[in-house]
Structures are given as C-alpha cells and as structure tokens.
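In: this one's structure only:
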C-alpha cells in the first residue's frame, strides 16, 4: 500500500539540506508538492538559486530517504515557477538557522542581530558568502563574522 | 523547429555561458577571498541560468540536442553571445567593469521578459532577475569604489571603461530575430532598453568619477555569430577541452 501524503511530508521533514544540515528541505521551502502518480511518487522541487550546486544532491537525498522508507519508485520533478523565495522558509527553519549561527533573512535587507551576541551593531563584508544564498556580515561588538541568509 | 525562438534562447544562454565561464576563470585568483567567492557565486548563477536558456533553445530546435550538447559541442561560429562577454578578464577592475556593463543591460532585459507572452521565457526571467539584481548591486558598488578610489584604481577603471565601451552597444542592435520576438510579444525590441541602461550607467559613472567615451560606435558580430573576436575560440578550447578529448564523456 502507498504511504499517505501526510506521512511522506513527515519523512521529508527529516531530509537535511546538504549545505545547511541543521534545516530540512521542507523547512527551506523547496519541496513544492508530493503526489502519487499511480505507482510512482512525484516530488516537485524548486531550486533556491538557478546555479545552486546542491540541487542534484538534494534530489538524490530525497530519493534515498524515501526509498529507505519503502517507497520504491520516486521521481523528482524540477519546477522553476513561481521562483523560490526566502518567504517560504518556515518559522521553525528560521529559528534553527539562527541557533546554528546563520542570521535568517529579514525584510530590511540585512540581519536583525548578531546570531552570537545579539548585538545590532553590524557591518556587511560581502554580498556573497560560502553559498550563493548567503551574504557575509560581521558583528562590530563581538567581532565574529557570520553568514546572513539573503532575501530573494 | 522554431528558429527565431531558438536563436533568441541561444543569444540569452550564450551570453550567460560565456560570461559565466570568463568569471569562473578568477576562481582561486581574485585579489581577496571575499571577491573570489563573490566571483565564483556570480559565475554559478550565470551557468545555472544558461542551463535554463539552452534547455529552452534545445526544445525549440527539436533535434534531440540537450543544453549540454549546445554548450559543449558547438564551435565559435554557432555561438550567439555578444562581443562584450568574450573579452578577456584583464585586471580585476576590467572584469568588474565588463560585469557592470553586462548587468545593467541584463537586469533591464530580464525585467522586461518577466511579462513575456511565452510562459517558459517568463518563468526563466522571473527566476534569473532575482539573481541579476544582486549582481548589479555588487558590480555597481565595486565600479564606484574603484573609480572613486586611489589614483591608480581610478586610472585603471577609466582605461577599462574606455576599452569596453565600444562593446557595450551591441546588445541594443535590433535585427530580424528581435523583430520576430517583439511581434509575438516574447521579448522587447533591444533598442527600447537603451534609455534605462543609459540612465543607470550615467548615474554609476558619475559616482565613479569616470568619463563615458564620447562615441556611439559599437563593435558588432557576436550576437549574429558573423564575426566573433579571436578571444572566443581560445576560451572554447579551454571550456570544451574535455568533450573534445573524450567525446560523449559523462560526469
């Protein structure tokens, strides 16, 4: 018997993002749909950035995880529209990012506070950081550099 | 086969492919670590956009070629990228000037393509423009910082602008492919994007204390494929080396 769609979402909640393993692919908002197509399971995924090198790994991780739960035939479909936005990051995902040391996206266009010491005295170092989805900032009080998840 | 759409999608995808490859040549060589990472990220975005545009081109062509086939198995005369993007990197300032001149057009073009009558063109543009906005913010900031910087950096940025300016106009030349795209509501006529480009470039160059050369002359031939500069062939021998040495090799 096919697993229920609700059960599949719970399983996907445990698939970590390969670049930021503290949040799941569901927290990140890149899983857009999960549906049975007769005997195959179709998981619709949207890329964060069009050149994100993690995209292929994410597809593999989702397939491997679901196969581990007994879903034999998994098909990953890529959808680019509507384009991914940081508005789709879950609230739980934002909290986990911050606890991990990555400032979550903020509508003001910059981090609200240093993830380490909570200071609001911050400076931008670079528009781009370790991945295309992040910028690099520095706390002017504790002097720690940190990643900021850019709004897109 | 929809030959006008194929040409159009190749032009979009070849621009991002050739510039993406050029920018990736900086990987590990940039003046500071942050710039190295920023350049690599920009190159990644451009190559990602290339996969979408050349995927559309392959589909419009209908000859069972993939985006990878178009990128790796065509030679110079089949590329439809403008001459600006194949120009060598030069120094860091020259690379950033080339990037800014490209970004200023790219943002205007993608913004207009968001309302394209062709659903896939509109989808690709809507995805890409978010990335291009970050590119132009950074390239403009860097051009201003170096132009209005030290005597040395100012002189280098002025030399870069003087060198690259005659290559900036080619993207605005209209031809029959552009007219066909405009008639179908797929893409704007390139010449209509010029005022927005000029306004942005004038503003950034004023802040950079740089003089825009007093000439409308534009080198042409890349977009039509008629006359690429010698640089593209050398670049392709690097970029396509693996497929040339080991045809059909898979990752």
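Out: Alright, I've got the coordinates. In this text the structure is predicted, and so the values were computed from the model without any measurement. Numbers count the residues shown, from 1 in each chain, chains lettered A, B, ... in the order given.

In: So residue B:50 sits against residue B:67, correct?
Out: Yes - counting by CB atoms under 8 Å, residue B:50 touches residue B:67, with 7.3 Å between them. C-beta coordinates here come from the backbone N, C-alpha and C atoms, glycine included.

In: which residues are common contacts for those two?
Out: Taking CB atoms under 8 Å, 6 or more residues apart in numbering or on different chains as the contact criterion, the common neighbours of residue B:50 and residue B:67 are residue B:13.

In: So for the two, which sits in the more crowded spot?
Out: residue B:50 (26 against 20; other CB atoms under 10 Å in any protein chain shown).

In: Tell me the secondary structure at the more buried one.
Out: Secondary structure for residue B:50, judged by DSSP: H, G, I helix; E, B strand; the rest coil, is helix.

In: Who are the contact partners of it?
Out: B:13-14, B:16-17, B:20, B:67, B:71.

In: Give me the neighbour count for the residue of chain B found nearest chain A.
Out: Per CB to the nearest CB, residue B:48 is where chain B lies closest to chain A, at 2.6 Å. Using other CB under 10 Å, residue B:48 is surrounded by 22 other residues.

In: and what of residue B:209?
Out: For residue B:209, using other CB under 10 Å, the count is 13.

In: wait, what's in contact with it?
Out: Contacts of residue B:209 were listed using CB under 8 Å, 6+ apart, and they are B:147-148, B:154.

In: among the residues you listed, who's most crowded?
Out: Neighbours here mean other CB under 10 Å. Within the contacts of residue B:209, the largest count is held by residue B:147, at 25 neighbours.

In: Okay, that one and residue B:88: tell me how far apart.
Out: Between residue B:147 and residue B:88 the distance, using CB to CB, to the nearest Å, works out to 20 Å.

In: Residue B:46 now?
Out: Here residue B:46 is placed at a distance of 17 Å from residue B:88 (CB to CB).

In: hang on, residue A:33 packs against residue A:42?
Out: Yes - between residue A:33 and residue A:42 a contact is recorded at 7.5 Å, counting by CB under 8 Å.

In: Inside helices: which ones of the contacts of residue B:209?
Out: When helices are assigned by DSSP state H, the members of the contacts of residue B:209 inside them are B:147, B:154.

In: Among the contacts of residue B:209, which ones lie close to chain A?
Out: Contacts with chain A within those, as defined by CB under 8 Å from any CB of the partner chain: none are present.

In: Return the member of the contacts of residue B:209 nearest to residue A:146.
Out: Within the contacts of residue B:209, proximity to residue A:146 (CB to CB) peaks at residue B:148, which comes in at 29.2 Å.

In: what's the nearest residue to that closest one if we skip its chain neighbours?
Out: With sequence-adjacent residues excluded and distances taken as CB to CB, 6 or more residues apart in numbering or on different chains, residue B:148 is closest to residue B:209, at 4.9 Å.

In: Tell me the predicted confidence for the one you found.
Out: The pLDDT attached to residue B:209 in the predicted structure is 98.

In: Pick out the residue in chain A sitting closest to chain B.
Out: Distance from chain B to each residue of chain A (CB to the nearest CB) is smallest for residue A:51, at 2.6 Å.

In: Name the SS class of that residue, please.
Out: coil.

In: how deep is it tucked in, by neighbour count?
Out: Other residues close to residue A:51 by other CB under 10 Å number 23.

In: and it, what is it in contact with?
Out: Here residue A:51 is in contact with A:132, B:43-49, B:51 (criterion: CB under 8 Å, 6+ apart).

In: Count the residues that sit near residue 86.
Out: All of this is about chain A. Under the criterion other CB under 10 Å, the count of neighbours that residue A:86 has is 19.

In: was after chain B, sorry
Out: 27.

In: Which residue is the nearest non-sequential neighbour of it?
Out: residue B:232 is the one closest to residue B:86 (CB to CB, 6+ apart), at 4.3 Å.

In: Could you do residue B:90 as well?
Out: Nearest non-adjacent residue to residue B:90, counting by CB to CB, 6+ apart: residue B:160, 6.8 Å away.

In: Around chain B, pick out the residues from chain A.
Out: Contact residues (CB under 8 Å from any CB) of chain A with chain B: A:47, A:49-53, A:80-83, A:125-132, A:136, A:150, A:152.

In: pLDDT averaged over stretch B:92-102, what's the number?
Out: Throughout stretch B:92-102, pLDDT has a mean value of 98.

In: quick one: contacts for the residue nearest to residue B:212 when sequence neighbours are not counted?
Out: Spatially, and ignoring its direct neighbours in sequence, residue B:212 is nearest to residue B:205 (5.4 Å; CB to CB, 6+ apart). Residue B:205 makes contact with B:143, B:147, B:161, B:211-212, according to CB under 8 Å, 6+ apart.

In: and those, which two are the farthest apart?
Out: By the measure CB to CB, B:143 and B:211 form the most distant pair in the contacts of residue B:205, at 13.3 Å.

In: how far away is the residue nearest to residue A:86 when sequence neighbours are not counted from residue A:48?
Out: Closest residue to residue A:86 in three dimensions, ignoring its sequence neighbours and counting by CB to CB, 6+ apart: residue A:105, at 4.0 Å. Shown here: residue A:105 relative to residue A:48, a distance of 12 Å by CB to CB.

In: Tell me the secondary structure of the residue nearest to residue B:212, please.
Out: Remark: residue B:205 carries the secondary structure label helix [criterion: three-state DSSP].

In: so what pLDDT did it get?
Out: 98.
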